[in-house]
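A.B. asks: Okay, here's the prediction I keep looking at, along with the sequence it came from:
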Amino acid sequence: QSVLTQPPSVSGAPGQRVTISCIGSSSNIGAGYDVHWHQQFPGTAPKLLIYGNNNRPSGVPDRFSGSKSGTSASLAITGLQAEDEADYYCQSYDSSLSGYVFGTGTQVTVL
Amino acid sequence: QLQLQESGPGLVKPSETLCLTCTVSGGSISSGDYYWAWIRQPPGKGLEWIGSIYYSGTTYYNPSLKSRVTISVDTSKNHFSLKLRSVTAADTAIYYCARLGLAAAGNRPFDIWGQGTMVTVSS
């Protein structure tokens, strides 16, 4: 039921920059609702990584950054590290569904 | 530090009702302008919001599950609960409880998550 589309996987070498897109529509991201990003390691619960489009909770490294434009958003990881291997999900709100929605999820692999 | 902990049966028979509780520790469920939520993740799949509740009892449900879901809150026990009726194998998932952080309506992030509990629907 995901209404936010993400690429299934992205990869990069250590130190490189990777980006993950989150494509929505006029009833969610395009309607002005904030986008948040969650990081999930295998076998563990998701953790809030970015909130309010481009804000980092305390303790999140500044190599993680978020942006939003129109009906889409992006998560960028600069200076990719092996410990960044995880699944990443975007999250927003959809006015047509009157509820919270998640992206399809992206697996990040460090080569 | 606020923590959330899910509890409940790990195995539910088809057509029966799944019941889970999320206990909040390190803070009061009725303090602040927070909502509390249930989210699930089928094995190997993505996240799905099930519904949210305010300490006053106001609820919001995912339209795709609304006919089978009830979320309730017990402020005296500092916990909130999920009931999902008429379950099938498709309801097999890890169920997470989470807090919706402070922000304008519709802009809240899930900012604190429980560790999750696996529920299998099988006879």
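C.D. replies: Everything's here; your move.
A.B. asks: Which secondary structure state does the most centrally placed residue in chain B sit in?
C.D. replies: In chain B, the residue lying closest to the centroid (C-alpha atoms, centre = their mean) is residue B:38, at 2.2 Å. Per DSSP: H, G, I helix; E, B strand; the rest coil, the local secondary structure of residue B:38 is strand.
A.B. asks: That one: what's it in contact with?
C.D. replies: B:20, B:22, B:49-52, B:71, B:82, B:95-98 (C-beta atoms under 8 Å, 6 or more residues apart in numbering or on different chains). (C-beta placed from N, C-alpha, C; glycine too.)
A.B. asks: filter those residues by proximity to chain A?
C.D. replies: Restricting the contacts of residue B:38 to those near chain A by C-beta under 8 Å from any C-beta of the partner chain leaves B:49, B:51-52, B:96.
A.B. asks: If we only consider these, which is nearest to residue A:85?
C.D. replies: Closest to residue A:85 out of those is residue B:96 (21.2 Å), distances taken as C-beta to C-beta.
A.B. asks: what sits up against the helix or strand where that closest one lies?
C.D. replies: For residue B:96, the element it lies in under DSSP states H and E is strand B:93-100. For strand B:93-100, the external contacting residues (C-beta under 8 Å, 6+ apart) are A:45-46, B:2, B:4, B:6, B:18, B:20, B:22, B:24, B:34-43, B:48, B:50, B:52, B:80, B:82, B:108-119.
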